[in-house]
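Turn this into a model:
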Amino acid sequence: MGVLKTLRANDKSDHIVLVEDDCAGDRFSWSALAKFIGPGFLVSIAYIDPGNFLTDIQAGARFNYMLLWVIVLSTFLGLVLQVLSARLGIVTHAHLATMCRLEYGHRTPLTIALWLLTELAIICSDIPEVIGSAYAMLLLFKLPLWVGVLVTSTSTMALLGMQYFGVRTLELFIGLLVLLMGACFFVEAGLAPIAWGGAECPADWCSHFAPPPNGTDAGASASPGDDWCPPDYCMNFWRGFAPVIKADALAVAVGLLGAVVMPHNLYLHSGLMGSRHVDTSSPVQVKWAIRYNVIESSLSLLVSCAINVAVLAVAAAVFYPSANNGYRVVEGVEDVGFEDAEQLLSDSLKRAAGKIFGISLLASGISSTITGTYAGQFVMEGFLDLRMAKWKRNLLTRSVAIVPSLVVAVVSGPGGANLLIIVSSIVLSFQLPFAMIPLIKFTNQKRLMGSRANKPAMKVLCMLLAAVVIGANVALIVTTIFGSDMSSAMLALAGVLVGTGFLLYFALLLWLIRRPVRMEWPAAAAAAAAVAAAAAAAAPPRAVPQDPEPSPKRAKLSVAV
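Next up is the predicted model:
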């Protein structure tokens, strides 16, 4: 406890990186860009967490390179939303959760509903992080899965200590872990027999696999998709970027979307902008702060996209039957998980490949725990105007995610843990619109954003992206129900239950879409200033000298319209 008290006494977690002077000149500056490097990489961790890796592995193992374009589309969607989120934070000096409370009311039913949905999203994203870290410990140190889940919980205090050294230290640590993950999977991609060209299915595709049980000739009356002949999704790496999808790949595609674009990340990015102080009364400073953020976000998400592409490509090359791997069929490919991936990588490539995979998985699990913790702090403070000590919030978030993860690990073992990760990714996709719609509506409003409000082209793009997410969710439910083997009575019952749930789901979404934004920025600015003043008054005294108070110019919250 003495160490914790010392850290709290020397707490630098709330120190702000001053960038006003760097943005004052109306020209590009490398030194200014360097000061903006960090938040994007912190956010990008959510794009390459263990849940992403497992979804990428299953996509490549089952559908070859077919879903590479979904990763690119999801990352582009994420980039658009992250840029909007950061722009909201820069212009208003308030993060998305605070803006929702100011717009929808203090602890009203709608605000409470949005908060609960966001907390559920944080839990759903935290579960893969906990299980992924536990799997990494199983692969590297042979610890049982449930022991790994318990050991993962101890990362809370270590991450808490990291926060006290300041945001720049934390950003540097995360950046190094991202580079480590990238290096690991790029090495894997170099070892794997990825099909860069050709790779069309042979005319006698089914003859390369075991004959049917009745002993007839392998290719006599076989067709791709039979129990003993896998579907012919043969293609090369580059064809995977063409937007083509089959009905049986829809669930995995939606899982990829939910795993890549996480709802709570939008609250996180707008909140992280508070660590870079810009005078919002200066149009030049706001302009360059937004531009630097776009550059930094694009760079960080480009790295995360490349890592996801590498994971899927390695899985396709190793797991999907092809001439490069002797048309080997992986049993139970639809349930392939982290342990299977490590074993097959070790057998197919080199023994070190499995260990490299374990190291990257551990780095992903450790780093991604920070995302949920930070996002949870912003979400609770913003929606409920409720503040909690960092270590208490960290412990609460970890505990809520550890309980279901531990139960599944003990009761169902690795198979249940893998399924829990996939289900949580799909749930995240359904929750995404409840963060997207308020963000898009706020950034569309000139009364709030001034000259930085979305232009007509951006408004149309945002509407299309929202339609893609909602449409994919609807298609998943419809194909899951009507493509199942349920009896007519069960099908009718499922249709009624799911239909009722969807009516409520769409009623809330439609209400959010149609409800006009009523908040005026002068009132919002005053409320945000009051929130900041309350936070400063509630902050405990520190034992070390503090930085000088910011000048009145730096404290301005008005926006030039």
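
CA-only coordinates of stretch 288-295 in PDB, if you can.
Presented in PDB, the C-alpha positions along stretch 288-295 are these (Å, rounded to 0.1, in the frame of the first residue of the first chain):
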ATOM      1  CA  TRP A 288      -4.400  21.800 -37.200                       C
ATOM      2  CA  ALA A 289      -5.300  19.800 -34.100                       C
ATOM      3  CA  ILE A 290      -8.000  18.000 -36.200                       C
ATOM      4  CA  ARG A 291      -5.600  17.500 -39.100                       C
ATOM      5  CA  TYR A 292      -2.800  16.100 -36.800                       C
ATOM      6  CA  ASN A 293      -5.400  13.800 -35.200                       C
ATOM      7  CA  VAL A 294      -6.600  12.500 -38.600                       C
ATOM      8  CA  ILE A 295      -3.000  11.700 -39.600                       C
END
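
contact partners of it?
For stretch 288-295, the surrounding residues in contact (CB atoms under 8 Å, 6 or more residues apart in numbering) are 19, 23, 26, 28, 32-33, 36, 39-40, 83, 86-87, 90-91, 273, 276, 278, 452. Quick note: C-beta positions are derived from backbone N, CA and C, even for glycine.

buried ones in it?
Of the residues in stretch 288-295, 288-290, 292-294 count as buried by neighbour count, 16 or more other CB atoms under 10 Å.

Turn those residues into JSON lines, including distance to Pro243.
Supplementary listing: the buried residues of stretch 288-295 in JSON lines, determined by distance: CB to CB, whole Å:
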{"residue": "Trp288", "distance to Pro243": "35"}
{"residue": "Ala289", "distance to Pro243": "34"}
{"residue": "Ile290", "distance to Pro243": "30"}
{"residue": "Tyr292", "distance to Pro243": "32"}
{"residue": "Asn293", "distance to Pro243": "29"}
{"residue": "Val294", "distance to Pro243": "25"}
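
out of those, which are inside strands?
Residues from those lying in strands, with DSSP state E as the criterion: none.

In helices, which of those appear?
Where the buried residues of stretch 288-295 overlap with helices, as defined by DSSP state H, the overlap consists of 288-290, 292-294.

Out of these, which comes closest to Tyr267?
Relative to Tyr267, the closest of these is Asn293; by CB to CB it sits at 16.1 Å.

So the closest one versus Arg87, what's the distance?
Computed with CB to CB, to the nearest Å, the distance linking Asn293 and Arg87 is 7 Å.

Give me every residue in contact with stretch 97-107, excluding its own residues.
Stretch 97-107 is touched from outside by 88, 92, 94, 110-111, 114-115, 118, 267, 271, 378-379, 381-385, 438, 442, 517-519, 523-524, 527-528, 531, with contacts defined as CB under 8 Å, 6+ apart.

residue ranges of the strands in the chain, please?
Ranges of strands in the chain, per DSSP E, are 17-18, 276-277.

among these, which gets the worst mean confidence?
Mean pLDDT is lowest for strand 17-18 among these, at a mean of 64.

How many residues are close by Leu465?
Here the neighbour count serves as a burial measure; for Leu465 (other CB atoms under 10 Å) it reads 19.

and it, what is it in contact with?
With contacts taken as CB under 8 Å, 6+ apart, Leu465 has the following neighbours: 77, 80-81, 436.

Val427: which of those residues is nearest?
Distance to Val427 across these (CB to CB) is lowest for Met436, with 15.4 Å.

so that closest one makes contact with Leu81?
Yes: the pair Met436 and Leu81 passes the contact test of CB atoms under 8 Å, sitting 6.4 Å apart.

any common contacting residues for those two?
Between them, Met436 and Leu81 share these contacting residues under CB under 8 Å, 6+ apart: 266, 465.

how near is Leu96 to His264?
Applying CB to CB to Leu96 and His264 gives a distance of 10 Å.

Spit out the residues that contact those two alike.
Common contact partners of Leu96 and His264 (CB under 8 Å, 6+ apart): Ala435.

State the number of residues packed around the nearest residue to Ser298 once chain neighbours are set aside.
Leaving out its chain neighbours, the residue that sits closest to Ser298 by CB to CB, 6 or more residues apart in numbering is Leu79, at 6.3 Å. The number of residues packed near Leu79 is 21, by other CB under 10 Å.

ok, the closest residue to Gly255 other than its chain neighbours to Ala121 distance?
Using CB to CB, 6+ apart and skipping the chain neighbours, the partner closest in space to Gly255 is Ser425 (4.3 Å). Taking CB to CB as the measure, Ser425 and Ala121 are separated by 11 Å.

and if you look at Ala375?
Noted for Ala375: a distance of 9 Å to Ala121, by CB to CB.

Check the contact lists of those two and give me the overlap.
Shared contacts of Ala375 and Ala121 (CB under 8 Å, 6+ apart): His264.

Of these two, which one has the most company?
Taking other CB under 10 Å, Ala375 and Ala121 do not tie; Ala375 has more neighbours (31 against 28).

List the residues that contact the more buried one.
Residues counted as contacts of Ala375 (CB under 8 Å, 6+ apart) are 122, 264-265, 267-268, 271.

any idea of the pLDDT on it?
Spelled out, the predicted local distance difference test score at Ala375 is 79.

do the same with Leu302
pLDDT recorded at Leu302 is 93.

ok, now which ones touch it?
Applying CB under 8 Å, 6+ apart to Leu302 gives the contacts Thr75.

Could you check how far it is from Phe41?
In this structure, Leu302 and Phe41 are 11 Å apart, going by CB to CB.

What of Phe173?
Spatial separation of Phe173 from Phe41 under the definition CB to CB is 10 Å.

Which one's more surrounded, those two?
Counting neighbours by other CB under 10 Å for Phe173 and for Phe41 shows that Phe41 has the greater number, 24 against 17.

Contacts only, for the nearest residue to Gln445 once chain neighbours are set aside.
Using CB to CB, 6+ apart and skipping residues adjacent in sequence, the residue nearest Gln445 is Val517, 5.0 Å away. Contacts for Val517 (CB under 8 Å, 6+ apart) come out as 103, 441-442, 444-445, 447-448.

Select only the buried ones of the residues you listed in ChimeraX?
Here is the ChimeraX command that selects only those of these that count as buried (16+ other CB under 10 Å):
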select :103,441,442,444,445,448
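
Now the contacts of Val517 in CSV, please, with extra columns for distance to Val70.
Compiled in CSV, the contacts of Val517 are given as follows (distance: CB to CB, whole Å):
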residue, distance to Val70
Glu103, 32
Lys441, 26
Phe442, 28
Asn444, 27
Gln445, 31
Arg447, 36
Leu448, 33
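
And the furthest pair within the contacts of Val517?
Pairwise across the contacts of Val517, and taking CB to CB, the largest span is found between Glu103 and Asn444, at 12.8 Å.
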